[in-house]
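Participant: how does the following fold in three dimensions:
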Amino acid sequence: IIDETPLLQKEGWNGRKVFPVGVLNTMEIDTMIVMLRTSKKEIQEKLESKYNIKNINIIMCYDLM
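Facilitator: Numbering: from 1, shown residues only. Here you go, the predicted model:
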C-alpha cells in the first residue's frame with residue numbers, strides 16, 4: 001500500500017504497512033494498481049513532476065472489473 005499521508009505511513013492501514021510514494025523508485029516497482037477515483041493522467045503527471053517517477057504501468061482498479 002502506497003499513500004502520501006504521513007499518518008497512514010506511521011500507523012498503517014487495516015493492519016498493513018503503508019509506504020511513501022518514493023518507495024516506487026527504491027524497490028524497482030514497475031506496475032501499480034490504483035484504487036482511487038481519479039484520472040490515470042493526473043496520477044501519472046503527479047508521479048512524474050512531484051516524485052520524478054517515470055515508466056510505471058498504472059492499472060486503475062475499475063479497469064480490472
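Participant: residues in contact with the lengthiest helix in the chain?
Facilitator: Secondary structure of the chain per DSSP state H: the longest helix is helix 40-51. Helix 40-51 is contacted by residues 21-22, 24-25, 34, 36, 53-54, 56, 58, 60 when judged by CB atoms under 8 Å, 6 or more residues apart in numbering. Every residue, glycine included, has its C-beta placed from N, CA and C.
Participant: now stretch 4-18
Facilitator: For stretch 4-18, the external contacting residues (CB under 8 Å, 6+ apart) are 1-3, 19-21.
Participant: can I get the worst-scoring helix or strand of the chain on mean pLDDT in PDB, CA atoms only?
Facilitator: Every helix and strand of the chain was ranked by mean pLDDT, DSSP states H and E. The lowest is strand 31-34, at a mean of 84. Output of strand 31-34 as PDB, limited to C-alpha atoms (Å, rounded to 0.1, in the frame of the first residue of the first chain):
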ATOM      1  CA  THR A  31       3.400  -1.600 -12.000                       C
ATOM      2  CA  MET A  32       0.900  -0.100  -9.600                       C
ATOM      3  CA  ILE A  33      -2.800  -0.800  -9.100                       C
ATOM      4  CA  VAL A  34      -4.700   2.400  -8.100                       C
END
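Participant: helices or strands up against that strand?
Facilitator: Applying 3 or more CB pairs under 8 Å, 6 or more residues apart in numbering; DSSP states H and E, we find strand 31-34 packed against strand 57-60.
Participant: one more time with 10 Å, if that's ok
Facilitator: Strand 31-34 sits against helix 40-51, strand 57-60, with contacts defined as 3 or more CB pairs under 10 Å, 6 or more residues apart in numbering; DSSP states H and E.
Participant: the shortest one pairs with which strands, and in what direction?
Facilitator: If you go by DSSP bridges, strand 57-60 pairs up with strand 31-34 (parallel).
Participant: centre of the chain versus the strand it pairs with, how much separation?
Facilitator: 7 Å (CA atoms, centre = their mean, to the nearest Å).
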